[in-house]
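Asks: any chance you could fold what I've pasted below:
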Amino acid sequence: MTPILKAKIIEVCDKKIAVKGINVGISFYAFFKNKNDNPKLLMEAATWWIQTHQLDHFEKAVKIKQMVLDL
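Replies: Okay, here's the model as predicted:
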């Protein structure tokens, strides 16, 4: 995982947890705007989420953050 994606995931998870609490769920789409302005980074996130870890569409933000921190 690139440092850019890692930082983005942690930042988004922190924001979501701060606003909605520790039970908030997210998908990998949460790390991107509604338009595909960085397809390479989107594919990296999708590959990590779907192929590497076989995660469900929605996962707890705290789980995803911890997985990224453990890398």
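
Asks: what are the boundaries of the strands in the chain?
Replies: Using DSSP state E, the strands of the chain run over 25-26, 59-60.

Asks: among those, which is the most enclosed?
Replies: strand 25-26 (a mean of 18; mean count of other CB atoms under 10 Å). To be clear about C-beta, it is placed using only N, CA and C from the backbone, and glycine gets the same treatment.

Asks: how far away is Lys6 from Ala61?
Replies: 15 Å (CB to CB, to the nearest Å).

Asks: what's the lowest-mean-pLDDT helix or strand in the chain packed up against?
Replies: In the chain, no helix or strand scores lower on mean pLDDT, DSSP states H and E than helix 39-46, which sits at a mean of 92. With contacts defined as 3 or more CB pairs under 8 Å, 6 or more residues apart in numbering; DSSP states H and E, helix 39-46 has these neighbours: helix 3-20.

Asks: could I have the helix it packs on exported to CSV, CA atoms only?
Replies: The C-alpha trace of helix 3-20 is given here as CSV (Å, rounded to 0.1, in the frame of the first residue of the first chain):
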residue,chain,number,x,y,z
PRO,A,3,1.9,6.0,1.8
ILE,A,4,-0.6,8.3,0.0
LEU,A,5,-3.4,5.7,0.2
LYS,A,6,-2.5,4.7,3.8
ALA,A,7,-2.7,8.3,4.9
LYS,A,8,-6.0,8.9,3.1
ILE,A,9,-7.6,5.8,4.7
ILE,A,10,-6.5,6.8,8.2
GLU,A,11,-7.7,10.4,7.7
VAL,A,12,-11.1,9.3,6.3
CYS,A,13,-11.6,6.7,9.1
ASP,A,14,-10.7,9.3,11.8
LYS,A,15,-13.2,11.8,10.4
LYS,A,16,-16.0,9.2,10.1
ILE,A,17,-15.4,7.9,13.6
ALA,A,18,-15.3,11.4,15.1
VAL,A,19,-18.6,12.3,13.5
LYS,A,20,-20.6,9.1,13.7
